[in-house]
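Engineer: Fold the following for me, if possible:
(one chain, ligands or ions: 3)
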Amino acid sequence: MKFGGTSVADTQTMKNAVSKISVEVKKDNRVIVVVSAMGSTTDNLVKKIKEVSTIYDAREYDAILSTGETISSCLMALLLQKEGINARSWQGWQIPINTTDNHSNARILSINTKKIEEKFADGMQVAIIAGFQGISNNNRITTLGRGGSDASAVAVAAAISAERCDIYTDVDGVYTTDPRITPNAKKLDKISYEEMLELASLGAKVLQTRSVELAMQHKVKVRVLNSFNEGSGTILCDEEDIMEKRVVSGITFSKNEAKLTILGVKDKPGVAGIVFDCLSKAHINVDMIIQNISDNNLADVTFSCPTDQVEMAKNSLENDKNKNILEYTKLDVDTEVSKISIVGIGMRSHSGIAQTMFKTLGDENINIKVISTSEIKISVLVERKYLELAVQALHEAFGLSKV
Ligand code: ADP
Ligand code: ASP
Ligand code: MG
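Structural biologist: Ligands and ions are numbered 1, 2, ... in the order given. Model prediction:
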């Protein structure tokens, strides 16, 4: 059972989680609980670090961020003990949850469940594990990327071959789009791992992308549930287990995107390699890419990345230009764009989806700046001020309010 930040916002709210856990304990289930930090604790810790410096030691950053989950896990243990439940907390390093040393975005390598299993055999009823944190082979504390407690929960469930992994959050399950933006959004009873992976990686923060990858890889039975309501939530499952294949299952968005166009690069073999080598050196997460060739042997290369990486991208491109590694005439930057994506496994077997998407946006007078597609998704970049309008119009156009 994983409880997210809003589900453990304060000690009063944590009692909700305690009652959900007690129900399972009463059924004689052995429960592993993974907790996030309380409310906006992690954001506040990030702010404090940035007060000290914008350039920081990533190992100290992780050690500081991990404290949020340290506190919530211990408080949860105390609250359960108060109910007469035999519970104890475990920090990432105590288990251990071994990770790579890619600080602030580490990946779980292995989880040793031996000690936990011994304690269960010894009478422990609930193990509470601090989410989001692990330990590298250098013996330093690591964190798993924002929202990473989801990955902790799924990875622990996989390691211990849990019957299921229930992710408790502040909405009833996975919806056709973010219910906080589109009130007509409908909860989905089931969603395939593939669709959830696309939705998560394209912006739906209800599950962290890595957690969905892990669930898919290890076939973990994940359910997304509301910690404040009863309900059946949403089940993540294989595509074959969904009888009625929807053409579009969900619409997702990433608000803070930027579009950069490098004008006047030479149209010859190897140039794209040089451009993207330059961006990769600066660790830019390049997303959509287009290239236009003009008559005079010159090309314009456009790409998108998160807005907070724009300065780094600009610096790296300008540096390489000054060093004559890369030639171009001008760099255009637009930081006022958002990415909207439609996702659905039914797209594999249906045509006309792109046409419906583009026509709907056109009818609303929304200009499309960049397009990219994969087998089960279509993404577009639009002006940020049209984000909500576009999501709502697409939600209607694909009949998602009636799911
Ligand atoms: P937690 O703290 O429990 O991990 P998050 O804030 O990370 O919770 O994720 C839950 C939030 O995800 C919801 O409050 C909702 O606004 C947002 N969200 C975005 N897209 C979706 C979606 N398709 N379905 C459900 N929730 C979504
Ligand atoms: N507390 C961490 C975060 O805010 C991890 C999590 O909540 O899943 O990103
Ligand atoms: Mg989350």
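
Engineer: all contacts plus neighbour counts: C-alpha atoms, from now on.
Structural biologist: OK.

Engineer: which helices and strands does the strand or helix carrying residue 21 pack with?
Structural biologist: Residue 21 is part of helix 11-26 when elements are defined by DSSP states H and E. If contacts are counted by 3 or more C-alpha pairs under 8 Å, 6 or more residues apart in numbering; DSSP states H and E, helix 11-26 sits against strand 31-35, helix 67-82.

Engineer: neighbouring strands for the shortest one, and are they parallel or not?
Structural biologist: According to DSSP bridges, strand 31-35 forms sheet pairs with strand 2-3 (parallel), strand 126-130 (parallel).

Engineer: For ligand 2, find the nearest of the ones you listed.
Structural biologist: strand 2-3 (8.7 Å; C-alpha to the nearest ligand atom).

Engineer: related to what we said a few turns ago, quick one, which of the strands paired with strand 31-35 is nearest to residue 46?
Structural biologist: strand 126-130 (18.1 Å; C-alpha to C-alpha).

Engineer: now the angle between helix 67-82 and that closest one, please.
Structural biologist: Counting by axes from the mean of the first three to the mean of the last three C-alpha atoms, to 10 degrees, strand 126-130 lies at 170 degrees to helix 67-82.

Engineer: helix or strand right after strand 126-130?
Structural biologist: Past strand 126-130, further along toward the C-terminus, the next helix or strand under DSSP H and E is strand 133-135.

Engineer: Tell me the first helix or strand C-terminal of that next one.
Structural biologist: Note on strand 133-135: by DSSP H and E, the next helix or strand toward the C-terminus is strand 141-143.

Engineer: Could you see whether ligand 2 lies near that following strand?
Structural biologist: No: using C-alpha under 6 Å from any ligand atom, strand 141-143 stays clear of ligand 2, with a minimum separation of 8.3 Å.

Engineer: Kindly indicate whether residue 166 is helix, strand or coil.
Structural biologist: Classification of residue 166 by DSSP: H, G, I helix; E, B strand; the rest coil places it in strand.

Engineer: I'd like the distance between it and ligand 1.
Structural biologist: According to C-alpha to the nearest ligand atom, to the nearest Å, residue 166 and ligand 1 sit 11 Å apart.

Engineer: Residue 225 is in contact with that residue, correct?
Structural biologist: Yes: between residue 166 and residue 225 a contact is recorded at 6.9 Å, counting by C-alpha atoms under 8 Å.

Engineer: Next one: residue 250 from residue 341, what distance?
Structural biologist: Distance from residue 250 to residue 341, counting by C-alpha to C-alpha, to the nearest Å: 8 Å.

Engineer: Could you do residue 403 as well?
Structural biologist: Noted for residue 403: a distance of 18 Å to residue 341, by C-alpha to C-alpha.

Engineer: do the same with residue 298
Structural biologist: According to C-alpha to C-alpha, residue 298 and residue 341 sit 31 Å apart.

Engineer: Compare these two and say which is more crowded by neighbours.
Structural biologist: Higher neighbour count among residue 298 and residue 341: residue 341, with 24 against 17, using other C-alpha atoms under 10 Å.

Engineer: what about the nearest residue to the more buried one once chain neighbours are set aside, helix or strand, and which?
Structural biologist: Using C-alpha to C-alpha, 6 or more residues apart in numbering and skipping the chain neighbours, the partner closest in space to residue 341 is residue 379 (4.1 Å). Element membership of residue 379 [criterion: DSSP H and E] is strand 377-383.

Engineer: can you check residue 55 too?
Structural biologist: With DSSP H and E as the test, residue 55 turns up in no helix or strand.

Engineer: Equivalent analysis for residue 47, please.
Structural biologist: helix 41-52.
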